[in-house]
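Asks: 3D model of this:
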Amino acid sequence: MASFGLIHISDLHLGFGGSSIPGAQNHEARVLWDLLITLAEIRETKTFPYYLVISGDATSSGAVNEFEYYTILRDRGHMWDNGRQFEALRSGMSGLLDIPGNHDYWDGQMVNPKINPSARSYFSPPPWILNVQLGGFSINFHGICSAFGAAGPNQRWAVGQFDRNEFSGLTSQIAAADAAGKQRGFTPIDFIITHHSPRFCDGAGNTDLDPASHQDLVNLCAANANIKGLLTGHVHAYRIGNRSGDGLEARCSTTTQMHTFLNHPHRGFLQHEFSETKQGRLNWTITPWEDTRSAFKPIHKCRESYLL
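Replies: Here you go, the predicted model:
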């Protein structure tokens, strides 16, 4: 395999009934329709394997009916009101990795400070890891939930916090994956997928991650040169960039949350493509896709490429 692709969506906010809280609105049906059309087109035209990553906030409030709708979309497909049948989100993909976000733990109650652990039952049990072998590389995508340790004020104010045991498990998981890749003669490459971004995320200077969790992530990235990037969500605005200590981050915007008078999210997803160069380097290209109010379109002028 000379190349593979990965679709990164986030913050679907699937939900029903409405909310007056900015940033906590439900999905917009028209945008979800356009997303399903676009993913179907990508599946039909792709010339190499594709994978799917969903980086949290699959639901608007973590209610049972929202999770049921999500699992139908993810695993079985969806019959639209006009009779068109869409394939499941995972259909045609060579693998899928999805993790919970802070909204998914609300147990159907908006801004609920309590963590609902039963939300985990709608996702594959940890450890979350997706491995792809490309040429001489063993590429690992490691998922960790950035909300499971955030009960109380952090959960109420949507500040991420890693569970200490899970973060320790992530460190061990990365080390084991790297060792296994080397044993088979591959060069290991690692990416971390988490819901919260480690950067300052809004004009008020609010951080996505609790300071202790932020420092844990910075230390982990600094200690392991095989970790090349982070795939995140939560902020509802995409960003691709690098900052000392955090590594390269590709942050996905909300993919399907509705617009309201108080909330105007940038809706879209990220398309990643990886290929091995003739010089034996790994090329990583990231193309943002944007909702144009009538369809999702790639923003080619914002495409970024990196040699790893």
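
Asks: Let's see the longest helix along the chain as CSV, backbone CA atoms only.
Replies: Among the elements of type helix in the chain, defined by DSSP state H, the one spanning the most residues is helix 164-183. Once non-C-alpha atoms are left out, helix 164-183 reads as follows in CSV (Å, rounded to 0.1, in the frame of the first residue of the first chain):
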residue,chain,number,x,y,z
ARG,A,164,-4.9,9.4,35.5
ASN,A,165,-5.1,5.6,35.1
GLU,A,166,-6.2,5.9,31.5
PHE,A,167,-3.4,8.4,30.7
SER,A,168,-0.9,6.0,32.3
GLY,A,169,-2.4,3.3,30.1
LEU,A,170,-2.0,5.5,27.0
THR,A,171,1.7,5.9,27.7
SER,A,172,2.2,2.2,28.0
GLN,A,173,0.0,1.6,24.9
ILE,A,174,2.2,3.8,22.8
ALA,A,175,5.4,2.2,24.1
ALA,A,176,4.1,-1.3,23.3
ALA,A,177,2.9,-0.3,19.8
ASP,A,178,6.3,1.3,19.0
ALA,A,179,8.1,-1.8,20.2
ALA,A,180,5.9,-4.1,18.2
GLY,A,181,6.5,-2.1,15.1
LYS,A,182,10.2,-2.0,15.5
GLN,A,183,10.3,-5.8,16.1
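
Asks: I'd like to know which elements that helix is packed against.
Replies: In this structure, helix 164-183 makes packing contacts with strand 128-134, strand 137-143, strand 187-193, helix 211-223, judged by 3 or more Cβ pairs under 8 Å, 6 or more residues apart in numbering; DSSP states H and E. C-beta here means a position set from N, CA and C on the backbone, and glycine is covered the same way.

Asks: which residues sit against the helix or strand following the second one?
Replies: Secondary structure here is assigned by DSSP states H and E; on that basis, the next helix or strand after strand 137-143 toward the C-terminus is helix 153-156. Counting by Cβ atoms under 8 Å, 6 or more residues apart in numbering, helix 153-156 makes contact with 102, 105, 111-115, 147, 159-161, 210, all of which sit outside it.

Asks: Tally up the residues packed near residue 29, please.
Replies: As a burial measure, residue 29 scores 12 neighbours (other Cβ atoms under 10 Å).

Asks: Correction: the previous question concerned residue 27.
Replies: Taking other Cβ under 10 Å as the neighbour definition, residue 27 ends up with a count of 26.

Asks: Just to check, it is in contact with residue 59?
Replies: No: between residue 27 and residue 59 there is no contact, the gap being 9.3 Å when judged by Cβ atoms under 8 Å.

Asks: what residues are shared contacts of those two?
Replies: Taking Cβ under 8 Å, 6+ apart as the contact criterion, the residues that touch both residue 27 and residue 59 are 12-15.

Asks: which one of these sits closest to residue 67?
Replies: Minimum separation from residue 67 among the shared contacts of residue 27 and residue 59 (Cβ to Cβ) is found for residue 14, which lies at 8.4 Å.
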